[in-house]
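Q: Sequence plus predicted model, see below.
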Amino acid sequence: MKDRTWLDKVEALAAEAAGANGVLLFGVEERLQGRRWWFRVTLDRLDGPVTLEDCERVSRDLSARLDVEDVVPHAYELEVSSPGLERPLREPADFARFAGERARLVLAPAEGEPGASVEGVLCGVAQDSVVLEADGVRRPIPLARVKRANLSFEFPKKAK
């Protein structure tokens with residue numbers, strides 16, 4: 001097994017840089033694309049959308065921190081972004097925060113039910129379930145069945 005303590009340090013530095021610039025760290029991904037290593041640092045903000053300026057400030061700050069600490073054992077490219085319009089929903093608080101928004105959930109099979117993909121409007125969280133309204137019906141879905149969930153952006157329909 002590879003030593004990944006340096007990746008933990010990158011995540012810690014990214015969290016520090018985000019916090020110092022008034023945003024939250026949503027996640028850090030590392031990937032090899034062709035012959036280049038990339039870090040994608042994703043930011044979040046509870047009081048509104050992440051702006052381009054937020055990304056620029058955190059990118060400059062994190063880049064400087066990574067240069068000083070010199071923890072990454074290979075060359076890399078750094079990308080800083082927001083979670084996007086179809087952002088992942090990971091925690092129960094995410095489902096509550098985005099109540100009223102459209103979402104797509106991929107469900108694991110359950111006793112007597114196959115796996116499925118469902119889409120509808122988030123109504124929040126009740127006990128250990130996310131409540132989703134689809135086709136006029138509110139349906140509690142156990143959080144334990146949710147394998148993956150994202151907001152589902154729809155372009156506004158043009159007036160004719």
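A: Received, thanks.
Q: Going by C-alpha atoms from here, please, whenever you check contacts or count neighbours.
A: OK.
Q: For the residue nearest to Ala110 when sequence neighbours are not counted, grab phi and psi.
A: Nearest residue to Ala110, sequence neighbours excluded (CA to CA, 6 or more residues apart in numbering): Arg145, at 7.3 Å. Main-chain torsions, Arg145, degrees, to the nearest 10: phi -90, psi -20.
Q: Could you do Ala159 as well?
A: The phi and psi values for Ala159, taken as degrees, to the nearest 10, are phi -70, psi 140.
Q: What about it, how many residues nearby?
A: Ala159 has 4 neighbours, counted by other CA atoms under 10 Å.
Q: Ser59 versus that one, what's the distance?
A: Distance, Ala159 to Ser59, by CA to CA, to the nearest Å: 40 Å.
Q: Any regions of the chain where pLDDT drops low?
A: 1-3 (pLDDT under 70).
Q: Give me the distance between the helix ranked longest in it and the centre of its chain.
A: When the chain is parsed with DSSP state H, its longest helix is helix 52-69. Here the centre of mass of C-alpha atoms in helix 52-69, compared against the chain's by CA atoms, centre = their mean, to the nearest Å, lies 19 Å away.
Q: This protein: strands as residue ranges?
A: 24-33, 36-44, 77-81, 102-107, 116-126, 129-134, 137-142, 146-151 (DSSP state E).
Q: Of those strands, which is nearest Phe95?
A: strand 116-126 (5.6 Å; CA to CA).
Q: can you count the residues close to the residue lying closest to Glu29 once chain neighbours are set aside?
A: Nearest residue to Glu29 in three dimensions, chain neighbours excluded: Arg40, at 5.1 Å (CA to CA, 6+ apart). When neighbours are counted by other CA under 10 Å, Arg40 registers 16.
Q: Now do the contacts for Arg40.
A: Residues near Arg40 by CA atoms under 8 Å, 6 or more residues apart in numbering: 28-30, 78-81.
Q: Name the member of these with the most neighbours.
A: Of these, with other CA under 10 Å as the count, Val80 tops at 21 neighbours.
Q: quick one: it from Asp44, how far?
A: From Val80 across to Asp44, the span is 11 Å (CA to CA).
Q: right, and Glu101 touches Glu119 too?
A: No - applying CA atoms under 8 Å as the test, Glu101 and Glu119 come out as separate, 10.6 Å apart.
Q: quick one: common contacting residues for the two?
A: Ser152.
Q: Flag every buried residue along the longest helix of the chain.
A: Under the neighbour-count criterion of 16 or more other CA atoms under 10 Å, helix 52-69 has 54-55, 57-59, 61-63, 65 buried.
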